[in-house]
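1. Quick one, what's the 3D model for this:
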Amino acid sequence: METLTYDPNFQGMFATLEAGGGLSFGTLTSSGTFDRSEARDRGKIELGRSITGDKGANTDDYYTLTLTDRQTVTINLESRTTDLDPRLYVYDSSNQLVGENDDIDMGTNNDSRLTLTVSPGIYYVVVSAFGTGGEYTINLSN
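-> Numbers count the residues shown, from 1 in each chain. As a prediction, this is how the structure comes out:
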């Protein structure tokens, strides 16, 4: 399992995302920013809640998470169909990448899981994918 600690004052954390330059996956770019206007707003999500969604082939879904305390959050993104290879991204209220995961275990588990320690604030949890879309379940816990 991948664990990241987010510090909004540390600017170099995701410099490796720009390696290879100019790549774009849906609404996500190699610069580590997120354009909400190009994704489907699926509403609010809360800790302890599971939501089932259906990601379209050409559109990312995003959920808004509001936290009032500094805490560790684990996000599980599971495919409900064999067509979906989900990718998970989390952005802060400035649309800057906080963390991402693709494949819990490369080659054996294509689902995504991310554990982050984050400060109070608003975060955007983005469901993306390689290939076609499909149904998924997303769950947040602490």
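
2. ok, and the closest non-adjacent residue to residue 61?
-> Counting by CB to CB, 6 or more residues apart in numbering, residue 127 is the residue found nearest to residue 61 once chain neighbours are left out, at 4.4 Å. For the C-beta atoms, the positions are set from N, CA and C on the backbone; glycine is no exception.

3. Sticking with that neighbour, tell me its helix or strand.
-> If you go by DSSP states H and E, residue 127 is part of strand 121-130.

4. ok, the helix or strand in which residue 115 is found: who's next to it in the sheet?
-> Per DSSP H and E, residue 115 falls inside strand 112-118. Neighbouring strands of strand 112-118 in its sheet, by DSSP bridges, are strand 3-5 (parallel), strand 71-79 (antiparallel).

5. First residue to last residue on stretch 67-81, what's the distance there?
-> Start to finish, the residues bounding stretch 67-81 are 30 Å apart (CA to CA, to the nearest Å).

6. chain center to that stretch: distance?
-> Centroid separation between stretch 67-81 and its chain, computed with CA atoms, centre = their mean, to the nearest Å, is 9 Å.

7. what's the weakest-modelled helix or strand in the chain?
-> strand 24-25 (a mean of 37; mean pLDDT, DSSP states H and E).

8. still on that earlier bit, what are the buried residues along the strand holding residue 127?
-> Within strand 121-130, the residues that count as buried by 16 or more other CB atoms under 10 Å are 121, 123, 124, 125, 126, 127, 128, 129.

9. go on, stretch 61-81?
-> 61, 62, 63, 65, 67, 73, 75, 76, 77, 78, 79.

10. For the residue nearest to the fourth one when sequence neighbours are not counted, which residues are in contact?
-> If you skip the residues right next to it in sequence, residue 65 has residue 123 as its closest partner in space, 4.5 Å away by CB to CB, 6+ apart. For residue 123, the contacting residues are 64, 65, 66, 67, 90, 91, 92, 93, 98, taking CB atoms under 8 Å, 6 or more residues apart in numbering as the criterion.

11. Tell me the bridge partners for residue 123.
-> Assigned bridge partners for residue 123, using DSSP bridges, are residue 65, residue 92.

12. Just give me the residue right at the centre of the chain.
-> Closest to where the C-alpha atoms of the chain average out (CA atoms, centre = their mean) is residue 89, at 2.0 Å.
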